[in-house]
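[1] Here's my sequence, what's the structure:
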Amino acid sequence: MPPADSSPTPRAVLPDLGLRLTRLGTLMSPDPNDPHEAEGVLNPATARDDDDVLHLYARLVGTGNRSRVGMARVLVEEGRPVGVERERVVLAPDQSWEHGLNHGGTEDPRITTIAALGVHVMSYVAVGPMGPRSALAISHDAHSWRRLGPIQFAFEERLHADLNLYPNKDIVWFPEAVPGPDGRPAFAMLHRPMWDFSFVTRTEPAPLPTGTDDRRAGIWISYVPVDEALADPAALTRPRLHRTVALARTGWESLKIGAGPAPIRTEEGWLLLYHGVSGVRSGGEWGGSSEIEHSIRYSVGAMLLSLEDPGRVIARTTEPLMQPDTADERDGTVPDVVFPTAIETIGDVRYVFYGMADTRIGIARLDGI
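    The predicted structure is shown next:
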């Protein structure tokens, strides 16, 4: 398996590209009168409908930590997002694989518009009886969404592991076809498998795939051939050719990393914002009496992925672009979190939508691309 960060010394993105994130404030806070939002609104996706209206799809956390995906219209004044107008719930945990006895949810949506397929592709986390699983839904109009079902990772004999056994999060698609490692044009998906069985068993450690010797969660890539997806969009739920892209490296991301919004094509490569987590965790990934967290902190970084091989990192920030500093980012359900999940262009400006302390949604301007 090719190693993560396979370039000898990836240069820092920030000095060379001049990337800057400038906070513009809180865009959406939970409505105390809505039980669907009792415990927060966070980690949104975005998409434009056929009338070019921008919609935000937030994770709504209701009473009992049960999540839904809600749709809201983004209000824009003088070329800048200033608020939202709530519309409705578009995805609720009403499938058997999306809820368990005392838990469940459709969480953390990411949306990529893939023009070649004529659809918006929503990835989300389905928290069901066996823990978090990655799943997909699609829409032709950004209003009505149809589930394609859970992602079924193809078995790769070289890994000596079935990725379907592991929890998985932070799924996001590239917006256009890329070169596949087998030479075929493909749609590529970034994701974050976690080597942890603690959701279903507290005693059995999860075996690592061949070639993986780091238990910290990192960014992986998988592929679906273009011709298969054009024939049937449900092929997107059957990715293959899995490999590691990047793992945690420096202090501000020492615990784990995960992909953020859909990558943006630039002349130098695919620009990917990602989150890095620092702190200390003992016990299982998914909670329980054995888990203790200390000083957990989510920050935002960036990396460039090769246009010829999007599974290869050619540049990466050594310092975060944004860390949790404001009151809305430091105080909430999970303190000290900035979690980027969507990028939209309004006029000539790119705006980043991000989760704040697992409670609110913030907006920042992205400059330097």
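[2] Going by C-alpha atoms from here, please, whenever you check contacts or count neighbours.
    Will do.
[3] quick one: buried residues of stretch 150-160?
    Applying a neighbour-count criterion of 16 or more other Cα atoms under 10 Å, one finds P150, I151, Q152, F153, A154, F155, L159 buried in stretch 150-160.
[4] cool, stretch 165-185 as well?
    Buried residues in stretch 165-185, defined by neighbour count with 16+ other Cα under 10 Å: 165-181, 185.
[5] Nearest to L21 among the buried residues of stretch 150-160?
    Distances from the buried residues of stretch 150-160 to L21 were compared by Cα to Cα; the smallest belongs to I151, at 32.6 Å.
[6] how close does the closest one sit to N164?
    Relative to N164, I151 is positioned 8 Å away (criterion: Cα to Cα, to the nearest Å).
[7] now V334
    Distance of V334 to N164, given as Cα to Cα: 28 Å.
[8] which one is W97 nearest to, not counting chain neighbours?
    Leaving out its chain neighbours, the residue that sits closest to W97 by Cα to Cα, 6 or more residues apart in numbering is G128, at 4.8 Å.
[9] Which residues does the one you found form beta bridges with?
    With DSSP bridges as the criterion, the beta-bridge partners of G128 are G131.
[10] Kindly report the same for L54.
    The residues paired with L54 through beta bridges, assigned by DSSP bridges, are R48.
[11] can you start the count at 35 instead of 1 from here on
    With the count now opening at 35, the last piece we talked about shows up as L88.
[12] Wait, it touches T80, no?
    Yes - applying Cα atoms under 8 Å, one finds L88 in contact with T80, separated by 7.0 Å.
[13] higher neighbour count, the two?
    Neighbours were counted for L88 and for T80 using other Cα atoms under 10 Å; T80 has more, 27 against 19.
[14] and the more buried one, what helix or strand is that in?
    Remark: T80 resides in strand 74-82, with elements defined by DSSP states H and E.
[15] Can you name the next helix or strand after the worst-scoring helix or strand of the chain on mean pLDDT?
    Within the chain, no helix or strand scores below helix 47-51, which has a mean of 45 by mean pLDDT, DSSP states H and E. Per DSSP H and E, helix 47-51 leads on to strand 54-62 as the next helix or strand towards the C-terminus.
[16] Let me see the contact set for A296.
    Under the criterion of Cα atoms under 8 Å, 6 or more residues apart in numbering, the neighbours of A296 are R144, I145, T146, V206, W207, F208, P209, L306, A376, I377.
[17] what about 7 Å?
    A296 makes contacts with T146, V206, W207, F208, as judged by Cα atoms under 7 Å, 6 or more residues apart in numbering.
[18] Tabulate these (JSON lines), appending distance to R250.
    Rendered in JSON lines, the data for the contacts of A296 read as follows (distance: Cα to Cα, whole Å):
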{"residue": "T146", "distance to R250": "26"}
{"residue": "V206", "distance to R250": "19"}
{"residue": "W207", "distance to R250": "22"}
{"residue": "F208", "distance to R250": "24"}
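[19] if I look at G252, how far off is K290?
    If you go by Cα to Cα, the gap between G252 and K290 works out to 6 Å.
[20] got it, and F373?
    Distance, F373 to K290, by Cα to Cα: 13 Å.
[21] Which one's more surrounded, those two?
    F373 (33 against 22).
[22] Confirm that that one sits in a strand.
    Yes - secondary structure assignment (DSSP: H, G, I helix; E, B strand; the rest coil) places F373 inside a strand.
[23] Contact partners for it?
    Each residue near F373 by Cα under 7 Å, 6+ apart is listed here: N77, H309, Y332, V334, Y388, G389, M390.
[24] And the buried ones among those residues, selectable in ChimeraX?
    For anyone working in ChimeraX, the buried entries among these, judged by 16+ other Cα under 10 Å, can be selected with:
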select :77,309,332,334,388,389,390
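[25] now, which of the contacts of F373 lie within strands?
    Judged by DSSP state E, the subset of the contacts of F373 located in strands is N77, H309, Y332, V334, Y388, G389, M390.
[26] okay if I get the residues you listed as JSON lines plus distance to R54 and pLDDT?
    Written out in JSON lines, the entries for those read as follows (distance: Cα to Cα, whole Å; pLDDT from 0 to 100):
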{"residue": "N77", "distance to R54": "20", "pLDDT": "98"}
{"residue": "H309", "distance to R54": "15", "pLDDT": "98"}
{"residue": "Y332", "distance to R54": "17", "pLDDT": "98"}
{"residue": "V334", "distance to R54": "11", "pLDDT": "97"}
{"residue": "Y388", "distance to R54": "15", "pLDDT": "98"}
{"residue": "G389", "distance to R54": "18", "pLDDT": "98"}
{"residue": "M390", "distance to R54": "18", "pLDDT": "98"}
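[27] and of those residues, the nearest to A398?
    The shortest distance between A398 and any of the ones in strands among the contacts of F373, using Cα to Cα, involves Y388 and amounts to 8.0 Å.
[28] Now for that closest one: which residues touch it?
    N77, P78, V372, F373, P374, T375, A376, I395, G396, I397.
[29] Just the pLDDT for the residue nearest the centre of the chain.
    By Cα atoms, centre = their mean, the mean C-alpha position of the chain lies nearest to D204, the distance being 3.1 Å. Here, the pLDDT recorded for D204 equals 97.
[30] That one and R192, how far apart?
    Relative to R192, and taking Cα to Cα, D204 is found at 24 Å.
[31] Would you quantify the distance from the residue nearest to the centre of the chain to P66?
    28 Å.
[32] likewise E378?
    Taking Cα to Cα as the measure, E378 falls 28 Å from P66.
[33] what do you get for G183?
    In this structure, G183 lies at 32 Å from P66, with Cα to Cα as the measure.
[34] Among those two, which residue is more densely surrounded?
    Counted by other Cα under 10 Å, G183 and P66 do not tie: G183 has more neighbours, with 16 against 11.
[35] All set now, cheers.
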